[in-house]
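1. Below: sequence and its predicted model.
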Amino acid sequence: MTATSNTLVKRIAIFGSTGSIGTQALDVIAAHPDKFSAEILTAHSNHELLIEQALKFNPNCVVIGDEKKYMPVKDALSMTDIKVFAGEKALEEVAAMDCYDMMLAAIVGFAGLKPTMVAIENAKPIALANKETLVVAGSIIMQKAYEKRVPIIPVDSEHSAIFQCLVGEGRNRIEKIILTASGGPFFGKKPNFLVNVKRDHALQHPNWTMGAKITIDSATLMNKGLEVIEAKWLFNLEPEQIQVVIHPQSIIHSMVQFNDGSIKAQMGLPDMKLPIQYAMAYPNRIDNNFPRYDFRRNSTLSFDEPDMRTFRSLALAIDAMKKGGNMPCILNAANEIAVYAFLRNRIGFLDITEVVDRAVNNITFIENPSLDELFASDEQAREFSAGLMEL
């Protein structure tokens with residue numbers, strides 16, 4: 001870390017700076033320039049926003065994944081000292097640099113896995129917003145983090161809540177964790193309604209402001225399924241120790257029940273900047289001006305069982321977690337392709353789950369896959385799913 005004005009400024013590498021998590025992380029950095037700096041910024045294709053961010057935050061370097069966008073970024077930043085790189089390989093090369101103190105892993109989907117692996121190899125603490133990294137390769141990632149003594153601090157609101165509930169509880173046994181889910185925009189709806197759901201309707205989440213992919217995952221409950229798998233690896237749990245409950249108000253972000261029956265919950269208004277700030281500042285809590293939840297206001301907190309017969313994505317994810325091996329990798333790859341197709345109006349809402357179901361039942365199962373086998377499974381599942389939809 002670098003010393004500035006008698007304090008330590010933590011240098012943050014934001015992988016996925018133009019997405020929902022990345023832009024909110026930059027809001028946190030802008031509000032606390034005495035505590036954080038943006039050292040690395042990366043984007044896949046949104047070069048205009050990446051340029052705007054770079055000019056405002058003056059990072060050490062930027063990476064644009066789409067190599068066709070390299071020259072516009074290079075030209076726009078030519079009067080600065082900011083180094084500009086392009087391409088998928090550059091993400092890994094920049095992740096290996098020694099110019100930052102923490103990676104915020106916020107690249108959406110499977111694409112975030114390799115840079116995160118490189119950061120862990122280089123003993124960089126990870127603020128993990130990319131749940132797919134653990135869904136696909138949880139065993140490998142957590143083993144490597146253990147070997148390198150690298151802390152992985154979750155940014156997902158639910159996993160951040162569990163993490164916060166466990167602080168100071170290291171010697172105490174977890175009986176179960178209770179992952180809360182808002183239920184998304186279609187809570188309580190049945191298939192005869194969902195068959196007619198269109199893209200714009202599915203993107204209207206009642207509580208959270210998120211990127212398109214995660215918003216659709218929330219609508220199908222696949223997001224909760226991926227979080228169940230992620231929680232297994234993050235907190236070293238057995239499948240039967242993880243319970244999902246629908247909590248439409250999104251005030252309780254998740255809970256932990258201990259061996260004596262006591263339950264700890266982390267609560268607050270739904271705002272992703274809070275878990276982002278907590279992860280970046282850990283182990284310290286820092287002041288902010290975010291809105292506060294007021295118990296004096298007349299509000300009700302309610303809880304329901306998830307409807308896994310209607311929202312089968314959650315059931316498919318739980319089955320994949322129990323089976324293990326490359327099955328969560330196949331699930332994730334098929335889902336990414338199906339959501340991509342839905343967002344482009346190529347398939348219907350209920351078809352997303354159907355594509356995933358067929359993929360997990362047709363791709364070869366590998367019980368103890370290597371990293372190379374996981375990459376091969378990912379590619380095979382994507383090709384199979386794209387073939388089903390004639391993409």
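-> Perfect, I can see it now. Residues are numbered from 1 along each chain as shown.
2. Tell me where the model's unsure across the chain.
-> Across the chain, the stretches falling below the confidence threshold (pLDDT under 70) are 1-7, 208-209.
3. which parts of the longest helix seen in it are buried?
-> Longest helix of the chain, by residue count under DSSP state H: helix 371-389. Neighbour-count burial for helix 371-389, counted by 16 or more other CB atoms under 10 Å, picks out Leu374, Phe375, Ala376, Ser377, Asp378, Gln380, Ala381, Arg382, Phe384, Ser385, Ala386, Leu388. The way it works is simple: take the backbone N, C-alpha and C, and place the C-beta from them, glycine included.
4. quick one: which helix or strand includes the closest residue to Val356 other than its chain neighbours?
-> Using CB to CB, 6 or more residues apart in numbering and skipping residues adjacent in sequence, the residue nearest Val356 is Ala334, 4.5 Å away. Per DSSP states H and E, Ala334 falls inside helix 327-343.
5. And the residue lying closest to Met142 once chain neighbours are set aside, how far from Ile363?
-> Excluding its sequence neighbours, the residue lying closest to Met142 (CB to CB, 6+ apart) is Trp233, at 5.2 Å. Distance, Trp233 to Ile363, using CB to CB, to the nearest Å: 21 Å.
6. what's the offset of the helix or strand where the residue nearest to Met142 lies from the middle of its chain?
-> Assessed by DSSP H and E, Trp233 sits inside helix 222-234. Mean-position distance between helix 222-234 and its chain equals 10 Å (CA atoms, centre = their mean, to the nearest Å).
7. Report all helices and strands that the next helix or strand along the chain from it contacts.
-> Reading on from helix 222-234 to the C-terminus, the next helix or strand found by DSSP H and E is strand 242-246. The contact analysis (3 or more CB pairs under 8 Å, 6 or more residues apart in numbering; DSSP states H and E) places strand 242-246 against strand 174-181, helix 222-234.
8. Kindly format the C-alpha coordinates of strand 242-246 as CSV.
-> Provided in CSV are the C-alpha atoms of strand 242-246 (Å, rounded to 0.1, in the frame of the first residue of the first chain):
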residue,chain,number,x,y,z
ILE,A,242,-27.8,-24.5,3.1
GLN,A,243,-31.5,-23.3,3.2
VAL,A,244,-33.1,-20.8,0.8
VAL,A,245,-36.1,-18.7,1.9
ILE,A,246,-38.0,-16.1,0.0
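9. So which bits of that strand are buried?
-> Ile242, Val244, Val245, Ile246.
10. What separation is there between the last one and Phe110?
-> If you measure Ile246 against Phe110 using CB to CB, the figure is 28 Å.
11. Right, I'll call it a day here.
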